[in-house]
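Participant: need coordinates for the following:
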Amino acid sequence: MARQKKGRKLDGWIILDKPQGITSTQALNKVKRAMDAQKAGHGGTLDPLATGILPLAFGAATKTVPYVMDSTKIYHFTLKFGEARDTDDAEGQVIETSAHRPSDDEIRAALPAFIGNIMQVPPIFSAIKVEGERAYDLSRDGRPPELPPRPAQVDRFELIGRPDADHAQFEVQSGKGVYMRALARDLARACGSVGHIAVLRRLRVGPFLERMAVPLDFFLDPAQNPATLAETLLPLETALDDIPALALNQAEFFALSQGQAISLVDLMGRIPEAANPDNGLVRVTAAGRVKAMARLGDGWLQPERLF
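Facilitator: Next up is the predicted model:
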């Protein structure tokens, strides 16, 4: 007989405002325990130093995590000039110093090189695997790996404040897999100095906005009970709100659910303008509900994931 999973079966999203000083996994586990939930995961890791939006997926919503991680993100960070650190943030050890403090004009002149599709060397203290081991484990053991550059998409990178000569504040809008610590490190060097992130906050992950976030203390309040906490759950499909929707009738969806591709000719007039016909992603609706994710390409609608 199969062993029954502990906890309640919950489906949906909680948008957590992660505090500083704990990992994303620790924050997830605290909320999961408070809600007495069976299954949960998070969409997009935040470093212990970082605060802000950490989407938490429960139950069936875990199937939509990859789409959240691929979505647009917005960050604010403060770059401190003059000290390079091994972690590229304030928690690391100082490994290099510089007396140069760039002017605002020097910073603005350097920014365009970091906008668009760029190549970025990830921080050595990251979760990237090198021959089966995490880069941060190798670095902690005194064996920092040589990480090759990786493609990264930065849509916007703006100087938004300059509290003093040592610090500069930025807003970044990016796609998947962009390391803010690496952006700060590389921008400082491009300005003829060195630096690291002193403050980092995430303001948006796809359709999830800062105003939707719930503080961790709310879930740790003894006065709350699991049933009350579950009222903060957002529907599964909330994670897909910024992906174009394509409506199918019941016969079309049945065919798609059986793994069959549907000719785009049969869908003319219903394909959303925002959908990219070349491998573009759409959320498939039927009978008014989100039923699946599918991709457009080569004249066909191909099923990708059913909910």
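Participant: for the spatially closest residue to Arg204 that is not a sequence neighbour, give me phi and psi.
Facilitator: Counting by CB to CB, 6 or more residues apart in numbering, Arg204 lies nearest to Ile74, which is 4.0 Å off, once chain neighbours are set aside. Yep, even glycine has a C-beta here, placed from its N, CA and C like the rest. Torsion angles at Ile74 (phi, psi; degrees, to the nearest 10) stand at phi -130, psi 130.
Participant: and what of Leu147?
Facilitator: phi -90, psi 130.
Participant: go on, Val205?
Facilitator: For Val205, the backbone dihedrals (degrees, to the nearest 10) come out as phi -140, psi 100.
Participant: quick one: contacts for it?
Facilitator: Counting by CB atoms under 8 Å, 6 or more residues apart in numbering, Val205 makes contact with 43-44, 53, 55, 68, 71-73.
Participant: what is the neighbour count of Asp164?
Facilitator: 8 (other CB atoms under 10 Å).
Participant: pairing partners for it in the sheet, please.
Facilitator: Going by DSSP bridges, Asp164 is paired in beta bridges with His167.
Participant: could you pull up the residues touching the closest residue to Gly7 other than its chain neighbours?
Facilitator: Nearest residue to Gly7, sequence neighbours excluded (CB to CB, 6+ apart): Gln38, at 4.1 Å. Neighbouring residues of Gln38 by CB under 8 Å, 6+ apart: 5-10, 59.
Participant: would you agree the residue nearest to Arg204 is in contact with Arg201?
Facilitator: No. Ile74 is beyond contact range of Arg201, at 9.6 Å (criterion: CB atoms under 8 Å).
Participant: helices of the stretch 1-150 of the chain, start to end?
Facilitator: According to DSSP state H, counting those that start in this stretch, the stretch 1-150 of the chain carries its helices in the segments 24-35, 65-69, 104-110, 135-140.
Participant: which among the contacts of Gln38 count as buried?
Facilitator: By neighbour count, with 16 or more other CB atoms under 10 Å, the contacts of Gln38 hold 7, 10, 59 as buried.
Participant: before we move on, back to that, now, which of the contacts of Gln38 sits nearest Val214?
Facilitator: Proximity of the contacts of Gln38 to Val214 (CB to CB) peaks at Leu10, which lies at 14.8 Å.
Participant: quick check, pLDDT for that closest one.
Facilitator: pLDDT, Leu10: 90.
Participant: which residue is the nearest non-sequential neighbour of it?
Facilitator: Once flanking residues are discounted, Leu10 sits nearest to Phe58: 4.3 Å by CB to CB, 6+ apart.
Participant: ok, that neighbour - contacts?
Facilitator: Contacts here follow CB under 8 Å, 6+ apart; on that basis Phe58 touches 10-14, 32, 35, 37, 39-40, 233.
Participant: same question, Leu220
Facilitator: For Leu220, the contacting residues are 30, 34, by CB under 8 Å, 6+ apart.
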